[in-house]
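>>> coordinates only, sequence not included:
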Ligand SMILES: Nc1ncnc2c1ncn2[C@@H]1O[C@H](COP(=O)(O)OP(=O)(O)OP(=O)(O)O)[C@@H](O)[C@H]1O
Ligand SMILES: O=P(O)(O)OC[C@H]1O[C@H](OP(=O)(O)OP(=O)(O)O)[C@H](O)[C@@H]1O
Ligand SMILES: [Mg+2]
């Protein structure tokens, strides 16, 4: 049985459950459930606080987990990222009231409030900055207004929270984060054979979901003379499927294309004479 840690609340929890469901795994029905067994897939899911997941996984009691890259780094736990999942994307930044602190160097001697002491402590140290760090559990944007700190370091996605608090960012992002699958560092070494094959199957399934979300299937007909040009526009993953049409001199072509580029590719195909150009969603795949 593969043992997997899944976020039980916060920004990671909904999208993680959705992705696991799309990958064919059973998920909990009640938000209070702390663990469920999916007997068909021989997987047990543990619903844990996102911040604790790296600690459980590094202990070796759970085989893999889904958490945020920033939470993994902050924990300092002995675990590594094995697959990026593309949701809960954010940056991690310093911010302050306009006009007080302008550059990273100005942080010297200041107080920084954050929920991510691990990331901030290391970043300050690596940059030779002597600042004190105050730990707050959340809503850190308010810390400046209330005089607890002069600077905050927090997760920024749209920037709305910073704007609402009248704050502006300082310097470049400290890091970029997204949801990731993590495993104990070098966890594949010496792992049970059955566990290892289940981990690989889990990763293939999630990769399948990622591909199904980012690619569409494109079909079109074109004249044989235009085939090379058309194939250059739709190279597919390996190479497109080309089948003869009943009408001589025409072929049907099928290839996966990135969903974001589908409309532009359809225009370009039309311009070189392709017709009956269709796209269809991919629901699942194994590459
Ligand atoms: N607004 C956001 N947009 C995208 N990702 C976010 C956002 N807020 C937090 N995250 C990400 O979610 C993870 C933190 O999850 P956690 O559950 O601890 O916090 P949360 O989503 O802010 O929930 P909570 O309501 O408990 O504060 C981190 O990886 C972080 O980068
Ligand atoms: O840039 P934005 O789109 O505004 O998103 C960033 C905000 O979202 C998270 O807060 P959350 O609502 O989870 O509250 P918290 O600070 O208590 O964690 C994060 O801590 C920021 O405050
Ligand atoms: Mg939060």
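Thanks, I have the structure now. The model shown is predicted, which means the values in this text are computed figures rather than measured ones. Residues are numbered from 1 along each chain as shown. Ligands and ions are numbered 1, 2, ... in the order given.

>>> can I assume residue 93 is in contact with residue 175?
No: in this structure, residue 93 is not within contact of residue 175 by C-beta atoms under 8 Å, at 9.1 Å. Glycine gets a C-beta too; all of them are placed from N, C-alpha and C.

>>> more crowded one of the two?
More crowded of residue 93 and residue 175, by other C-beta atoms under 10 Å: residue 93, with 21 against 16.

>>> how near is residue 124 to ligand 2?
Between residue 124 and ligand 2 the computed distance is 19 Å (C-beta to the nearest ligand atom, to the nearest Å).

>>> for residue 223, give the beta-bridge partners.
Beta-bridge partners of residue 223, counted by DSSP bridges, are residue 250.

>>> just residue 177 next, same as before
Here residue 177 sits in beta bridges with residue 90, as judged by DSSP bridges.

>>> and it, how many neighbours?
So residue 177, with other C-beta under 10 Å, has 24 neighbours.

>>> contacts only, for it.
Neighbouring residues of residue 177 by C-beta atoms under 8 Å, 6 or more residues apart in numbering: 68, 69, 70, 88, 89, 90, 91, 92, 155.

>>> number of residues surrounding the closest residue to the fifth one other than its chain neighbours?
Sequence neighbours aside, residue 178 is the residue nearest to residue 89 in space, at 4.6 Å (criterion: C-beta to C-beta, 6 or more residues apart in numbering). The local packing of residue 178 (other C-beta under 10 Å) involves 16 other residues.

>>> can you give me every residue that contacts residue 178?
By C-beta under 8 Å, 6+ apart, the contact set of residue 178 is 68, 69, 84, 85, 86, 87, 88, 89, 90.

>>> can you do 7 Å?
Shown in contact with residue 178 (C-beta atoms under 7 Å, 6 or more residues apart in numbering): 69, 84, 85, 86, 87, 88, 89.

>>> what's the pLDDT at it?
pLDDT for residue 178: 98.

>>> now the spatially most central residue of the chain, what's its secondary structure?
Central residue of the chain (C-alpha atoms, centre = their mean): residue 86, 2.6 Å from the mean position. Using DSSP: H, G, I helix; E, B strand; the rest coil, the structure places residue 86 in coil.

>>> distance-wise, check it relative to residue 181.
As judged by C-beta to C-beta, to the nearest Å, residue 86 and residue 181 stand 12 Å apart.

>>> got the phi/psi numbers for the residue located most distally from the centre of the chain?
What lies farthest from the middle of the chain is residue 248; by C-alpha atoms, centre = their mean that is 46.9 Å. Main-chain dihedrals, residue 248, degrees, to the nearest 10: phi -60, psi 150.

>>> and of the contacts of residue 177, the nearest to residue 62?
Nearest to residue 62 among the contacts of residue 177 is residue 68, at 16.5 Å by C-beta to C-beta.

>>> isn't the closest one right up against residue 181?
No: if you go by C-beta atoms under 7 Å, residue 68 and residue 181 don't touch, sitting 11.5 Å apart.

>>> who's more crowded, these two?
With neighbours defined as other C-beta under 10 Å, residue 68 and residue 181 compare such that residue 68 has more, 28 against 21.

>>> mind listing what that one touches?
12, 50, 88, 177, 179.

>>> report the buried members of the residues you listed.
By neighbour count, with 16 or more other C-beta atoms under 10 Å, those hold 12, 50, 88, 177, 179 as buried.

>>> widest-spaced pair of those?
50 and 177 (11.4 Å).

>>> which parts of the stretch 51-200 of the chain sit against ligand 1?
51, 68, 70, 71, 88, 90, 138, 155, 157, 177 (C-beta under 6 Å from any ligand atom).

>>> any idea how many residues pack against the third one?
In this case it means residue 70. 24.

>>> so what's it closest to, chain neighbours aside?
residue 177 (3.9 Å).

>>> return the member of the buried ones among the contacts of residue 68 nearest to residue 235.
residue 179 (29.5 Å).

>>> which phi and psi does the closest one have?
According to degrees, to the nearest 10, residue 179 has phi -70, psi 140.

>>> is it in contact with residue 66, as I believe?
Yes: counting by C-beta under 7 Å, residue 179 touches residue 66, with 6.0 Å between them.
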